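Participant: A predicted structure for the sequence below; I have some questions about it.
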Amino acid sequence: MTKDILSLNEIKDKFDSQWVLVGDPETDENLNVIQGVVLWNSKDRDEVYRKAREISPKSSAFLYTGKTPEGEGIIL
């Protein structure tokens, strides 16, 4: 993966409808990710979780960049 810091919009554009592990995330006051370094991405959520355990980043966040169907939510 790249070591470039990407904005949330750049992450969403580059990794559409994927699970993304973001390292050193910068967040707003509501803990929403503003930017960070993409450490891993996959359409398979479990693969991203496994990679997070493997590399054990000091600070990270998980994102799903796809659309959540109306009436449904994602619990992490």
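Facilitator: Looks like it came in fine.

Participant: CA atoms for contacts and neighbours, from now on please.
Facilitator: Fine.

Participant: can I get the lengthiest helix in the chain as CSV, trimmed to CA atoms?
Facilitator: Determined from DSSP state H, the single longest helix within the chain is helix 45-55. Extracted as CSV, the C-alpha positions of helix 45-55 are listed here (Å, rounded to 0.1, in the frame of the first residue of the first chain):
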residue,chain,number,x,y,z
ARG,A,45,-14.4,-7.2,5.5
ASP,A,46,-12.9,-10.2,7.2
GLU,A,47,-9.7,-9.9,5.1
VAL,A,48,-9.2,-6.3,6.2
TYR,A,49,-9.8,-7.3,9.9
ARG,A,50,-7.2,-10.1,9.5
LYS,A,51,-4.7,-7.7,8.0
ALA,A,52,-5.2,-5.2,10.9
ARG,A,53,-4.5,-8.0,13.4
GLU,A,54,-1.4,-9.0,11.4
ILE,A,55,0.2,-5.6,11.1
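
Participant: quick one: name whatever helix or strand follows it.
Facilitator: Going down the chain from helix 45-55, the next helix or strand is strand 60-64, by DSSP states H and E.

Participant: ok, that next one: who's next to it in the sheet?
Facilitator: strand 19-27 (antiparallel) (DSSP bridges).

Participant: roughly how far out does the strand it pairs with sit from the chain middle?
Facilitator: Relative to the centre of its chain, strand 19-27 is centred 5 Å away, using Cα atoms, centre = their mean, to the nearest Å.

Participant: convert the C-alpha atoms of it to PDB, please.
Facilitator: Extracted as PDB, the C-alpha positions of strand 19-27 are listed here (Å, rounded to 0.1, in the frame of the first residue of the first chain):
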ATOM      1  CA  TRP A  19     -13.500  -2.000   3.300                       C
ATOM      2  CA  VAL A  20     -10.400   0.100   4.100                       C
ATOM      3  CA  LEU A  21      -8.000   0.000   6.900                       C
ATOM      4  CA  VAL A  22      -6.700   3.600   7.500                       C
ATOM      5  CA  GLY A  23      -3.500   4.200   9.500                       C
ATOM      6  CA  ASP A  24      -2.900   7.300  11.500                       C
ATOM      7  CA  PRO A  25      -6.300   8.700  10.800                       C
ATOM      8  CA  GLU A  26      -7.000  12.300  11.400                       C
ATOM      9  CA  THR A  27     -10.600  12.700  12.700                       C
END
